[in-house]
Structure formats: C-alpha cells, structure tokens
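>>> Give me the fold of what follows.
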Amino acid sequence: MRTAAIVGIGQVAVKEHWETSLRDLAYQSIKEAAKDAGVDNIDALYIGNMLGGELSGQEHLGALISDYCGFNGIEAVRVEAASASGGAALRQGFLSVASGAQDIAVVCGVEQMTDVLQDKVTTGLSLGLDSEYELASGISSTALFAMLTKRYIHEGCCTPEDLAAFCVNAQKNGVGNQYAMFRREVTAEAVLKSPVVADPIRALECPPVCDGAAAVVLAPVETEGNHNQNHDCKYECDTPVKITGSAVATDSIGLDNRKDPLVFESVKKSTQNALAMASKKQEDIDFYELHDLFPIAAALSLEASGFAKKGEGALLGRNGDIALDGTIPVTTMGGCKARGNPVGACGVYQAAEAALQLRGEAGKNQIECSTGMIQCIGGTAATAITHIMEV
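Residues are numbered from 1 along each chain as shown. Below is the predicted model of the structure:
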C-alpha cells in the first residue's frame, strides 16, 4: 500500500448557519481545503453525513455536492456510520489513496441541524440506536449515556466532579480555536449547577446542536522504502500529515447485549488494530482527539484505548492528565463540547484539528507532537473508527 497523507484542510466555523444550506457548507470547506493543498482537480469525493435525509430532506449527497463543487464525473459517495460518519468517510478516502485506486481524494464531513425543531433533531440522533429494541421504547442517545454515567458512578469509578473536568478542559481548549462554537471557559461548579437533562447528565455536559463542515485533501506521499508513487500527482504542502494507521471495529448495537456496557469493545479493537498498523504503542501517542459526546464517553474511551485502567479513565480528568500540558492531551481544540457537534462532520473536524497540531499551526493550543490519534464513535460505541496520524 502507498502512504496516504493529508495535504490540505478546510473548516467552516461551527455555529447555527440558518442562512447556509447543506451543500453550501460542504462547498465552503472543500474550497478551502483544495486551496490549502493547491489542487484544482480531484479524483474522488467522500461525504461523511448522518442526518441529511432526516433533517435537510436531501439524500444522494455525493452527486449533489460534487456537482455543486464543479467535480462532475468523479467518484462521489456519501458514507454513513451514525455519529462516526466523518471518520468512516476518512477511512474510505484513506483506503482509496493508499490502495492506488485514486490519487487525489477529498473527504468532507457536513451536517445541517439547526433548521428544524429540537424534537426532530433528537429523533434523528436516536436513529443511530437499535430502532426496534431501543428507540421503540422511547429512549434517546442522551438517556443511554446517562445510564452509563450513573452505573460508572455507582461502581465507585468517579464522582460527578471528576467527569465535569472533561467539560472544563474542552471549554478551555475551545477558547483558542477560531472555528469553535463556544469560546469561553467554564468552571466545574458551573457545570454541576447547570440544569439536569437526563440524570445525572447536565446541560453543560451536553454537546451543542449546530451546523458545520470540514474537509481534508488526501494524496500519496513518498516515504523511505516506498518510491512507487505517482509523480504526476501534484499538490502543494510543506508538511504532509501521514495517516499510518486506520481501523474500524463494531460491537452489538444495543447496550443490553454487551457483556459489560462500561467496556467499549469497539474502541478497544479499533485502537489496537490502528496502533498495530502504524507500528505504535500508547506511549507513542502525543495527543488523542477522542469523541467526547458526553464526559462518560471520554472516560470509557480512555480506558478502552489503553490510556487508563478500567474504572480509572475519569481520574485522568481529575488529575489534569488530559490538559494540553498533560500526559495525554485530549480534545485539544475543544472537542464536541466546545467546538460543537455537527454530528456527521465531527470525524473530519478531528482530522483537520489533528493536522493543525502536527503541522505546528494550532496557535495558542499548540503542543509539542509528532504523532496523534483521532477516534470517533457511532451510537453508544457500536462503531469505533481510529486513525493514527504523524509527521
């Protein structure tokens, strides 16, 4: 396989884009990414999106967006994996370039969520669950994560204050991200005094409903021992960010069918496989862009990925290990909590943010790094998609 790298990135500020359509959001991010990479023509376009049909009344996004961007004739498809759709699209783009099937591929994650009433958004987000055995009972994604949180606290793994530390960290990092929806710090006290949404999850622990789009350009790069690249593949990038590991794993879609619902097996397997592909270990990872849908998701992901022992993921928040100057920085640009949660686009935002870190362009949020890991989960971690990125 060839070495595939991110050679261009583009982001749209995450917010309520009431005046901007789904296709316009995608176009803006793709245009910026193509400009950053210095490319005019591409071979393939992969769109990560979860709710286009449900909320925007628009399916067939591959053809729609490729047409709108002036890329008619290319391979263009939508990729869906619930809230992991952006990561799934990134993996498809990676495989297409690494295999040699395509030379220049654009991956775009896009979501338009704020033009409809909240109840429709809640229903749409819950479609990532088991519709027959979970959704039919009236339960929502937030309620399921609340159940996980309550069980985690019941088992003595943490206190609510420990989990609030993930929100405090994310909001602090969001201040330095010009594309973030919330650029202000919060205290643990404010988090714990905010209204209860689904006991024990509170309002300031929930990611905001929002709109956004992010895009990355992928191309082959020549590395030591790998000299059979297509030299007609032209782009402009001083610091290509190589994707050296990529893996997807799944678990039972329903929490009730899992041996231990507090163990994200999909995260564990995808992390192990991605690290093995990249010939890396946990200690080689300088930062971890995890999918902080709720604090409990962050804590359990840290455990399943091997950065903490079972039942001790939340302690990394309490001890400050997840901060920019910590042992394993997470959500370095604000994550879902501060950047925002344009569901199907999150995996591509993670890729763009990680690329900024590795290119040394993260501004006030810059950390010293050469290798990062990004990961997004679908549903209640029924799907987990992990990528290792390095310079």
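>>> Could I have the CA atoms of stretch 349-367 written out in CSV?
Provided in CSV are the C-alpha atoms of stretch 349-367 (Å, rounded to 0.1, in the frame of the first residue of the first chain):
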residue,chain,number,x,y,z
TYR,A,349,-13.1,18.1,12.1
GLN,A,350,-10.9,15.8,14.3
ALA,A,351,-8.7,15.1,11.3
ALA,A,352,-8.3,18.8,10.4
GLU,A,353,-7.6,19.7,14.0
ALA,A,354,-5.0,16.9,14.4
ALA,A,355,-3.4,18.1,11.2
LEU,A,356,-3.1,21.6,12.5
GLN,A,357,-1.4,20.2,15.7
LEU,A,358,1.1,18.1,13.7
ARG,A,359,1.8,20.9,11.2
GLY,A,360,2.6,23.2,14.2
GLU,A,361,-0.3,25.5,13.3
ALA,A,362,-2.6,25.2,16.3
GLY,A,363,-1.8,28.6,17.7
LYS,A,364,-2.4,29.0,21.4
ASN,A,365,-3.4,25.4,21.6
GLN,A,366,-0.1,24.1,20.1
ILE,A,367,1.6,21.2,21.8
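>>> mind listing what's buried in it?
349-359, 362, 365, 367 (16 or more other C-beta atoms under 10 Å). All C-beta atoms are positioned from the backbone trio N, CA, C, and that covers glycine.
>>> Identify each of the helices in this protein and give its residue range.
22-37, 52-55, 61-68, 85-98, 118-126, 141-154, 160-174, 188-193, 265-278, 295-304, 313-318, 335-338, 346-358 (DSSP state H).
>>> where among those helices is the average confidence lowest?
Among the helices of the chain, helix 118-126 carries the lowest mean pLDDT, at a mean of 93.
>>> and the angle from that one to helix 141-154?
70 degrees (axes from the mean of the first three to the mean of the last three C-alpha atoms, to 10 degrees).
>>> List of residues touching helix 118-126?
50-51, 54-55, 83, 113, 135, 139-142, 209, 343 (C-beta atoms under 8 Å, 6 or more residues apart in numbering).
>>> Now with 6 Å, please.
Outside helix 118-126, the residues that touch it by C-beta atoms under 6 Å, 6 or more residues apart in numbering are 51, 54-55, 113, 135, 140-141, 209.
>>> most surrounded residue in those?
M113 (29 neighbours; other C-beta atoms under 10 Å).
>>> what's that one sitting at in phi/psi?
Torsion angles at M113 (phi, psi; degrees, to the nearest 10) stand at phi -120, psi -10.
>>> What of T380?
Per-residue torsions, T380: phi -90, psi 50 (degrees, to the nearest 10).
>>> check contacts around A278.
Contacts of A278 (C-beta under 6 Å, 6+ apart): 244-245, 388.
>>> now do 10 Å
For A278, the contacting residues are 242-247, 284-285, 371, 373, 386-390, by C-beta atoms under 10 Å, 6 or more residues apart in numbering.
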